[in-house]
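Q: The following block contains a protein sequence and its predicted model.
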Amino acid sequence: MERKSSKETLEKIKKGTIWFLKSCIWVMPVLFALDLITKYLAEVYLTGHDVVVIPHFFTLSLLYNTGAAWGSFGSYTAVLATISGLASVGLIIFLSLKWKSLNGWYRASLFLIISGALGNFIDRIRCAWFGTKGVIDFLQFTFGSYVFPTFNLADSYLTVGAIVLILYVIFSDLIFAKKKEQKEQNANVDEEVIRKNDEISNKEEPKAKIENDDEKKDDSSSKKE
């Protein structure tokens, strides 16, 4: 009995592992961990100096952001932390409840958004309640004379996830509209085919009736003979 129970448990674990790998849910903890690791490395190796990766284009430069995107709402760190946490929990619940009905692109966008929200949420919690300097940013791009606001991997996840979600919504609406139009066209074609078949059958019915009457006459005349 114990062997059977342990075998069933192992089978459930095996099935759960296979589903976990196929579902790509593991992408979220991987992205989340990658964001935390890169932030830690940025604090360790970039404090006090910048690293130029591509001159006049890409630099690793450590900055601390106490606000939201590009330093906005800098004095509301605790509020932003609460919003980030609630948004993350809400998205995870939505993903869990709607999992089967969500398209792969929709899931991918949520994976990115949730990972990004959680990554910055941890930094904001540390800043608001543990006295750290703020959200760690270290990726800086320069376009000519314009220096793009410094960001981190979590910001990238959020941005890419939002873009994927917007594109999915736009194109899914277009695809749905096209499918609906195609369906209506097919329905019209089917109605036309049915109408033509009815016309053909209506034309053939009198002919069949005449042939049947002729056969009856032949039968009656043969009986008389």
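A: Yep, it's here. Numbers count the residues shown, from 1 in each chain.
Q: Give me the neighbour count for the residue lying closest to residue 51 once chain neighbours are set aside.
A: Leaving aside its chain neighbours, residue 51 sits nearest to residue 60 (4.2 Å; criterion: Cβ to Cβ, 6 or more residues apart in numbering). Every residue, glycine included, has its C-beta placed from N, CA and C. Using other Cβ atoms under 10 Å, residue 60 is surrounded by 18 other residues.
Q: Number the residues from 2 up from this point.
A: In the new count, where the first residue is 2, that last one comes out as residue 61.
Q: Name the surrounding residues that touch the strand or helix carrying residue 140.
A: Counting by DSSP states H and E, the element that carries residue 140 is strand 136-144. Applying Cβ atoms under 8 Å, 6 or more residues apart in numbering, the contact partners of strand 136-144 are 39-40, 43-44, 47, 51, 57-67, 121, 124-125, 128, 148-149, 151-154, 156-157.
Q: What segments of the chain are strands?
A: 52-55, 59-66, 136-144, 147-148 (DSSP state E).
Q: Could you identify which of those strands is most buried?
A: Highest mean neighbour count among those (mean count of other Cβ atoms under 10 Å): strand 136-144, with a mean of 20.
Q: any idea of the angle that one forms with strand 59-66?
A: On the basis of axes from the mean of the first three to the mean of the last three Cα atoms, to 10 degrees, strand 136-144 is oriented at 140 degrees to strand 59-66.
Q: Find the residue closest to residue 166 in space, skipping its chain neighbours.
A: Per Cβ to Cβ, 6+ apart, closest to residue 166 is residue 110, 3.8 Å.
Q: Need the per-residue pLDDT for the one you found.
A: The model reports residue 110 with a pLDDT of 93.
Q: Count the residues that sit near it.
A: Residues lying near residue 110 (other Cβ under 10 Å) number 22.
Q: And residue 41, by the same measure?
A: 11.
Q: how near is it to residue 123?
A: 11 Å (Cβ to Cβ, to the nearest Å).
Q: Likewise for residue 157?
A: From residue 157 to residue 123 the distance is 16 Å (Cβ to Cβ).
Q: Spatially nearest residue to residue 116, not counting backbone neighbours?
A: Residue 116's closest residue in space is residue 32 (Cβ to Cβ, 6+ apart), at 3.8 Å.
Q: Assess the claim that the one you found and residue 113 are in contact.
A: Yes: applying Cβ atoms under 8 Å, one finds residue 32 in contact with residue 113, separated by 7.1 Å.
Q: Just the pLDDT for the closest residue to residue 127 other than its chain neighbours.
A: With sequence-adjacent residues excluded and distances taken as Cβ to Cβ, 6+ apart, residue 127 is closest to residue 133, at 4.3 Å. The model reports residue 133 with a pLDDT of 75.
Q: now swap in the one 4 residues further on and tell me
A: Looking at residue 137, its pLDDT stands at 92.
Q: which residues does it bridge with?
A: Counting by DSSP bridges, residue 137 is bridged to residue 65.
Q: same deal with the one 4 residues further on?
A: When bridges are assigned using DSSP bridges, the partners listed for residue 141 are residue 60.
Q: Look up how far residue 53 lies from it.
A: 10 Å.
Q: Over to residue 27?
A: For residue 27, the distance to residue 53 - Cβ to Cβ - is 34 Å.
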